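Asks: test case, fold it:
(one chain, ligands or ions: 1)
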Amino acid sequence: MTVTERVVAEVERATDEIVSYTAELVRIPTVNPPGAEYDACAHFIGRDLERRGFSVEYIAAEGLREHTARFPRVNVVGSRRGGPGPVVHLNGHFDVVPPGDGWTIDPFGGVVRDGRIYGRGVCDMKAGIAAALFAAEAIARAGVALPGTIEISGTVDEESGGFAGVAYLAEGGRIAEGRTDFVIIPEPLNVDRICIGHRGVYWFEVTARGRMGHGSMPFLGLSAIDGMSELLHLVREDLRPALAARTTAVPVVPPGARHATINVNGIDGGQPVDGIQTPCVADLCRAVFDRRFLMEEGFDAAKAEIEQLVGRAGRASGVRFDLRDLMVVHPTRTPSDSPVIAALDRSIRCVLGKPAELVASPGTYDHKHVARLAHVPHCVAYGPGILDLAHQPDEWCAIDDLVNATKIIALATLDLMRARRDN
Ligand SMILES: [Zn+2]
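Replies: As a prediction, the model looks like this:
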């Protein structure tokens, strides 16, 4: 048997173990917010890595406000060293979004039925963590000498920005240029697709300030709500069509997200609606916007366009506007000649018998921290699970996809450890 055949056979033999490990992970309710059971989950993963011969570190996000005694932010990193070849880092976030309504089964029961594993976070992305772990395990069981180093990390808070998770590891130098050669994040992008990046994000808050007046004589005041509605009108009538006409060359999925977009996250103005009402013209109205911009647009142009729109709304309404940046994430794209894309593509062809589809994510994920903070360009997301099922009720992952993704990650990891080190 060839090395490839041996590794593939070991993954197949481990199917039941992979499924039960995934179900065990689902049963730890690592809900974010608030960031529950992180310590337990990090140690669950860490103990398993240790049993499988990894040296394990626990890295708590000391110094960050969200790292509290009640909800500690604990990450786990395991590494198994072989030859002098490249370091391949497999990273998965173990936080999950709250279950929400609409479930027909226990979201934390780890139910296995009809060839699927069910539960909150199974698709996004506890199955991915299991795939990473058993990819490494299959390589070991196949008796293949490691040409390089495999690292596996379980990290926190991806769903809320990843600052205590991958960003913390990158800032602390644990994932870093010169130390980490290749990163695969087994997020659920579908078993035959490689995700090479994402659009940019610009979250901003707009405050409209008018002038109070008696509600029976609104013409003597200046309504901040009227001012904000002028801005919303411009966003809807002018900006949105312009954004929809811009298309990126980056293969963002679904196709609707291949364009620039804007969404209003929330709006708050005038008196609290549930409170006792008084006849007053609203002197304050605030709204938060989510602008997704394309690599071709760039942040500066996206922001300048918003400033101009806010200026127009101010002149039209007489209301004073302030614009405040809340969050900026720059677009990320893996270099198209990256060995990590080539290795996964070869493995997908080998296991699934078809070429990989390259896609980019409509949202962002921890790739941004790997690229921008760790300065490791060779990062992609590839993992089991169907993208559309993430964050849905009755979330599930197909066992076949999980097993295939495990094979693909194992083969790609081996391939990458044989690659030449850049540094
Ligand atoms: Zn995820």
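
Asks: just the pLDDT for the residue most central in space within the chain.
Replies: By C-alpha atoms, centre = their mean, the mean C-alpha position of the chain lies nearest to Tyr365, the distance being 2.4 Å. Per-residue pLDDT puts Tyr365 at 93.

Asks: so how far is Thr364 from the closest residue to it other than its chain neighbours?
Replies: Excluding the flanking residues, the one nearest Tyr365 by C-beta to C-beta, 6 or more residues apart in numbering is Glu187, at 5.6 Å. For every residue, glycine as well, the C-beta is placed using N, CA and C. Relative to Thr364, Glu187 is positioned 11 Å away (criterion: C-beta to C-beta, to the nearest Å).

Asks: more crowded one of these two?
Replies: Legend: neighbour count by other C-beta atoms under 10 Å for Glu187 and Thr364, higher for Glu187 (26 against 22).

Asks: that one falls within a helix, correct?
Replies: No - going by DSSP: H, G, I helix; E, B strand; the rest coil, the assignment for Glu187 is coil, not a helix.

Asks: separation between the residue nearest to Tyr365 and Ile225?
Replies: Note on Glu187: its distance to Ile225, by C-beta to C-beta, is 40 Å.

Asks: kindly confirm my reading that Thr207 is in a strand.
Replies: Yes - under three-state DSSP, Thr207 falls within a strand.

Asks: my guess is it meets Arg286, correct?
Replies: Yes - taking contacts as C-beta atoms under 8 Å, Thr207 lies within contact range of Arg286: 5.0 Å.

Asks: contact distance from the ion - what residues of the protein qualify?
Replies: Near the ion, the residues belonging to the chain are Asp124, Met125, Glu187 when assessed by C-beta under 5 Å from the ion.

Asks: cutoff 8 Å now
Replies: Taking C-beta under 8 Å from the ion as the contact definition, the chain meets the ion at His93, Asp124, Met125, Gly128, Glu158, Glu159, Glu187, Pro188, Tyr365, Ala390.

Asks: measure how buried the first one is and give me the count.
Replies: Residues within reach of His93, counting by other C-beta under 10 Å, total 29.

Asks: how about the contacts made by it?
Replies: Met125, Gly154, Thr155, Val156, Asp157, Glu158, Glu159, Gly162, Gly165, Val166, Asp366 (C-beta atoms under 8 Å, 6 or more residues apart in numbering).

Asks: measure the fifth one to Arg73 for me?
Replies: What it means is Asp157. Counting by C-beta to C-beta, the gap between Asp157 and Arg73 amounts to 6 Å.

Asks: on that earlier part again, for the residue nearest to the centre of the chain, grab phi and psi.
Replies: Here the main-chain torsion angles of Tyr365 (degrees, to the nearest 10) amount to phi -150, psi -170.

Asks: which residues touch it?
Replies: Tyr365 makes contact with Glu158, Gly162, Ile185, Glu187, His198, Ala381, according to C-beta under 8 Å, 6+ apart.

Asks: would you turn those into JSON lines with pLDDT?
Replies: JSON lines is the format used below for the contacts of Tyr365 (pLDDT from 0 to 100):
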{"residue": "Glu158", "pLDDT": "97"}
{"residue": "Gly162", "pLDDT": "95"}
{"residue": "Ile185", "pLDDT": "98"}
{"residue": "Glu187", "pLDDT": "96"}
{"residue": "His198", "pLDDT": "95"}
{"residue": "Ala381", "pLDDT": "98"}
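
Asks: filter these down to the buried ones, PyMOL style.
Replies: Taking 16 or more other C-beta atoms under 10 Å as the burial criterion, the selection of buried members of the contacts of Tyr365 in PyMOL is written as:
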select buried, resi 158+162+185+187+198+381
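
Asks: just give the closest residue to the closest residue to the ion within the chain, not the sequence neighbours.
Replies: Using C-beta to the ion, the single residue of the chain nearest to the ion is Asp124, 4.0 Å away. Closest residue in space to Asp124, ignoring its immediate chain neighbours: Ala390 at 3.7 Å, by C-beta to C-beta, 6+ apart.
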